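Student: Sharing a model prediction with you, sequence too.
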Amino acid sequence: MSDKKPVLELRKVDKSFGPIDVLHEISLKVGEGEVLCLLGDNGAGKSTLIKTLAGVHQPTRGEILMDGTPTSFSSPRDAQGRGIATVHQFGGTYPLMSVGRNFFMGMEPTKGVGPFKVFDRAKANRIAVEEVQKMGITRITDGDRLVGGLSGGERQSLAIARAVYFGARVLILDEPTAALGVKQAAHVLRIVNEAKKRGLAVIFITHQVMHAMAVGDHFAVLIRGAIAADFRKGDKTREEIADLMAGGESMADLEANIEGYMETHDGHPPQPAA
Amino acid sequence: MTDTSSTTGSGETPKAEEMSAGFSFGDFLRSPAAGALMGFVVVFCVFAIFGFSRNFLSIPGVTTWVNFASLVGIIAIPVGFLMIAGELDISTGAVLPAGAMTVAIVSGHYDLPVLVGILAALSVGALVGFINGFIVTRTEVPSFIVTLATLFAVAGLTLYLSILFINNTNSFYHAPDWAKSLFGGKVYGFNSSVFWWLALVAAFYFFLHKSPKGSWVFALGGDQESARNAGIPVRKLKISLFMLCSTCAAFAGALQVITFNSATSQANFGLIFNTIISVVVGGVLLTGGFGTVMGIVFGVLTLSIVTQAIGFTEIDRNLSFLIIGVMLLIAVLMNDTFRNLATSWSTSKKK
C-alpha cells in the first residue's frame, strides 16, 4: 500500500497474556519518512502494541519484520540497538540533570585515557544544544540548564532530538501531546514533521484526532486489540475518524443526545455513568 | 532572587565554553553543596566563638571531630550514592562491627597476616552488599526494609560467630607496625583514616561527577524506567552501589580495629543515623536524583563538629542532639529551595 519500502512491519501479530488476548492479528507497516498514526481509545491495546514494538513483550503469534526480514527483539535494549527508539509521554528525561547529561544518558562522550576517562561535558553540552536547536527549539542555548526548568514540549523535543541523533530509524512516540497545552503540542508536532523529513519512520500514538491529522500520512484505528480501520491521509474526515475511535458510535449522535438532555435538564450535562 | 539569578545567567552565556571547563561561582551557588558549605561555616564559626577559650581550635580540638568525621564519612558517601540512586542502606550499622570483628578474629585470633584479615572483612562487606542489592533489585521490597532486615541479621550473626570462634563478643588486635602506621597511625593527631577518607573522597568525586558513569547514578534516582530504556544496566549498577556501600562500612570497621586495637561485635546503631543525617544535611535529595560528594563531606564535618567537638565549647553537651535535629530540619527545607532555584534559574533566563 505504500510506495516507500517499509522499515518495520507487523504481520498478523497476536499478543495474549495467559488467557487474555490483548492484540489480535495486528498488521501494520511504516516506511522511511512516513508517519503512521495509531489511534485508539483508552484500553484499546495501544500500550501493549508499543511495548511489543519496543521489545518489552514478544508477540505470541505472528511476526515482526525489519527491512523485510523477520526478526524478534529480545529486550528493549536489543530493539534500541536496531534503531527503534521509544519516547514516552513524559519524555524519559531526568528533571534534575542538565540538558547535556540528559541527552547523552547511557552514551556518554568521554575524554582522557584508561581509567581516567572523564565525561566530556563541554562536548556533550555543545552537541546537545546544537541538535535540539536543529530540531527548532531555539530557546535551549545552555547545555548546563536543568531539564526540570524546560517546558513539557521542550522535554519531548529533547528526547526526540536525542533519538534522532543516536541513529533511530523508527521513532515510537507514545502520546507525546497528551499532557501538553495547545502551543506546546504544536511544538512537538513540528518536531515530528522534522523527524519525518529526515527520513525516520514515525509511529505516533495518540487519541487526539486533530494532532494525528496534522502530521499523519497513514492511520490505523485500534479497537479492542484489533485494527478496525486502516487508511491513508485524505481518505476520511476528522468526524469519521472520531466516530471510528468511539467504537462506531457516531460522535454527532452522541453530541445530539447530550444537547437534548441538557435542554430538558436546565442546561446540565448528563452525569457520566459510574 | 530572580533578579540576581537572571543576571548571573545572562552573564555566563557568552563564555559557556570557558565556564564548562573551570569552576563557576554561579554553578556552585546553585549546587546542593552550597547549602552544606554554608551550614558548615555557620556551625564552625559559632563553635569557634563559644569554644575559643576551651581549645576548640587547638589540635586535639580539631582532630577529635575530624577523626570521627573520617570514619562516618567513608560510609556516608556511598550511602549518599545510594540515596541519589533512590535507595537507602541502613545495614551499615551492623557491617562495620562485622568488618571489625572479622579483622580481629582472622588476624588477631588466628594470627593470619593483617592483609588477609582486611580482605576477609572487605569480602564480608561485599557479600552483605550483594545480598542487599540482589533482594532490592529482584523484589519490590523497599530498600529500607531489606537493609533493616540485613542490619539485624548481620548483627545477630556477628554476635553468634564471635562467641563461636573466640568465645567473646569483644576482641583485641595489635597490628604489626607497618600496618598500624598505614591503617591506624597518627600524623599530628590525625588518624590514618582521615587520609584514607580524603583519598576516597577524591575517588568518589571523580566517579560521581567526572566519570561518564556518574550520570547513571543520578538517572537511577531520577527516573528508573527511563534509565532502563536508555540502556543503563539498572540492576547491576544498583547491586554494585550496595556492594560499594557495605564494603566501605567493612573497611571503616577494619580501620577502626587497627586504630583502637579493639573490636566489638555490638551493632553500631548510632552510625546509621549519623550517615543518613550527614547525607541529608549534605544536600542530597531524599527522593533521589540530586546531590554532590562535596555536599556530603560538609554534611559529615558539620555533624561531627556538633556531636564531637561540643565538649570543647561552652555550649552544653546535652544540646548537641537538639542542634542536630534543628539542623536536619533546616537542611531538608533548604534542599527544596535549592532544588527549585536550580530549576527555576533556567526558566527565568528564557524570558
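Tutor: Ah, there it is.

Student: which parts of the stretch 51-200 of chain A sit against chain B?
Tutor: Counting by Cβ under 8 Å from any Cβ of the partner chain, the stretch 51-200 of chain A comes close to chain B at A:76-77, A:80, A:86, A:88, A:92-97, A:101, A:104-110, A:116-119, A:121-122, A:125, A:139, A:141-146, A:148-150. Every residue, glycine included, has its C-beta placed from N, CA and C.

Student: Those residues in helices, which ones?
Tutor: Secondary structure from DSSP state H places A:76-77, A:80, A:101, A:121-122, A:125 of those in helices.

Student: ok, now how distant is B:S240 from A:I258?
Tutor: 58 Å (Cβ to Cβ, to the nearest Å).

Student: pLDDT value on the closest residue to B:F298 other than its chain neighbours, please?
Tutor: Leaving aside its sequence neighbours, B:F298 sits nearest to B:A36 (Cβ to Cβ, 6 or more residues apart in numbering or on different chains; 3.8 Å). What the model reports for B:A36 is a pLDDT of 85.

Student: So B:A36 belongs to a helix, correct?
Tutor: Yes. B:A36 sits within a helix when classified using DSSP: H, G, I helix; E, B strand; the rest coil.

Student: low-scoring pLDDT stretches of the chain, where are they?
Tutor: Using chain A. Scanning chain A for pLDDT under 70 picks out A:1-4, A:90-91, A:246-255, A:267, A:269-274.

Student: right idea, wrong chain: chain B
Tutor: Looking at chain B by pLDDT under 70, you get B:1-32, B:342-351.

Student: can you pull out the helices in chain A?
Tutor: With DSSP H applied, chain A shows helices at A:46-53, A:76-81, A:99-103, A:121-134, A:152-165, A:182-197, A:209-215, A:238-245, A:251-264, listed in chain order.

Student: So which of those helices is the most surrounded?
Tutor: Ranked by mean neighbour count under mean count of other Cβ atoms under 10 Å in any protein chain shown, the helices of chain A are led by helix A:99-103, which reaches a mean of 28.

Student: got the contact list for that one?
Tutor: Helix A:99-103 is contacted from outside by A:93-94, A:108, A:119, A:121, A:124-125, A:127-129, A:131-132, A:140, A:142-147, A:150, A:158, A:161-162, A:165, B:215, B:218, using Cβ atoms under 8 Å, 6 or more residues apart in numbering or on different chains.

Student: for stretch B:234-248, same thing?
Tutor: Against stretch B:234-248 from outside (Cβ under 8 Å, 6+ apart): B:74-75, B:77-79, B:81-82, B:85, B:87, B:89, B:91-92, B:95, B:122, B:125-130, B:132-134, B:136-137, B:200, B:213, B:216-217, B:220, B:224, B:227-228.

Student: try stretch B:205-212
Tutor: By Cβ under 8 Å, 6+ apart, stretch B:205-212 touches A:108-110, A:116-119, B:81, B:84, B:213-214, B:217, B:292-294.

Student: buried sites along that stretch?
Tutor: B:205, B:207-212 (16 or more other Cβ atoms under 10 Å in any protein chain shown).

Student: repeat for stretch B:229-236
Tutor: B:229-232, B:234.

Student: Out of these, which sit inside helices?
Tutor: Among the buried residues of stretch B:229-236, DSSP H puts B:229, B:234 in helices.

Student: In TSV: the buried residues of stretch B:229-236, plus distance to B:G288.
Tutor: Below are the buried residues of stretch B:229-236 laid out as TSV (distance: Cβ to Cβ, whole Å):
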residue	distance to B:G288
B:N229	17
B:A230	16
B:G231	20
B:I232	14
B:V234	13
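
Student: So which of the buried residues of stretch B:229-236 is the closest to B:V141?
Tutor: Using Cβ to Cβ, B:V234 is the member of these that lies nearest B:V141, at 16.2 Å.

Student: Return the closest of the buried residues of stretch B:205-212 with respect to A:S72.
Tutor: B:P212 (30.9 Å).

Student: That closest one: which element?
Tutor: Assessed by DSSP states H and E, B:P212 sits outside every helix and strand.

Student: before we move on, what about the one 5 residues further on?
Tutor: B:V217 belongs to helix B:214-222 when elements are defined using DSSP H and E.

Student: Ok, B:G289 next?
Tutor: Short version, using DSSP H and E: B:G289 is in no helix or strand.

Student: who's in contact with it?
Tutor: A:94-97, B:84, B:86, B:218, B:221-223.

Student: With neighbour count and distance to B:S53 as extra columns, can I get these in a markdown table?
Tutor: What follows is the contacts of B:G289, written out as a markdown table (neighbours: other Cβ atoms under 10 Å in any protein chain shown; distance: Cβ to Cβ, whole Å):
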| residue | neighbour count | distance to B:S53 |
| --- | --- | --- |
| A:Y94 | 26 | 50 |
| A:P95 | 20 | 49 |
| A:L96 | 24 | 44 |
| A:M97 | 21 | 48 |
| B:I84 | 28 | 41 |
| B:G86 | 22 | 46 |
| B:F218 | 27 | 45 |
| B:G221 | 24 | 45 |
| B:G222 | 28 | 48 |
| B:D223 | 25 | 53 |
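
Student: if you look at stretch B:82-93, does any of it touch chain A?
Tutor: No. Figure legend: stretch B:82-93 not in contact with chain A (Cβ under 8 Å from any Cβ); closest approach 9.7 Å.

Student: tell me the angle the helix holding B:V217 makes with helix A:121-134.
Tutor: Angle, helix B:214-222 to helix A:121-134, by axes from the mean of the first three to the mean of the last three Cα atoms, to 10 degrees: 60 degrees.

Student: distance between helix B:214-222 and the chain's centre?
Tutor: Relative to the centre of its chain, helix B:214-222 is centred 18 Å away, using Cα atoms, centre = their mean, to the nearest Å.
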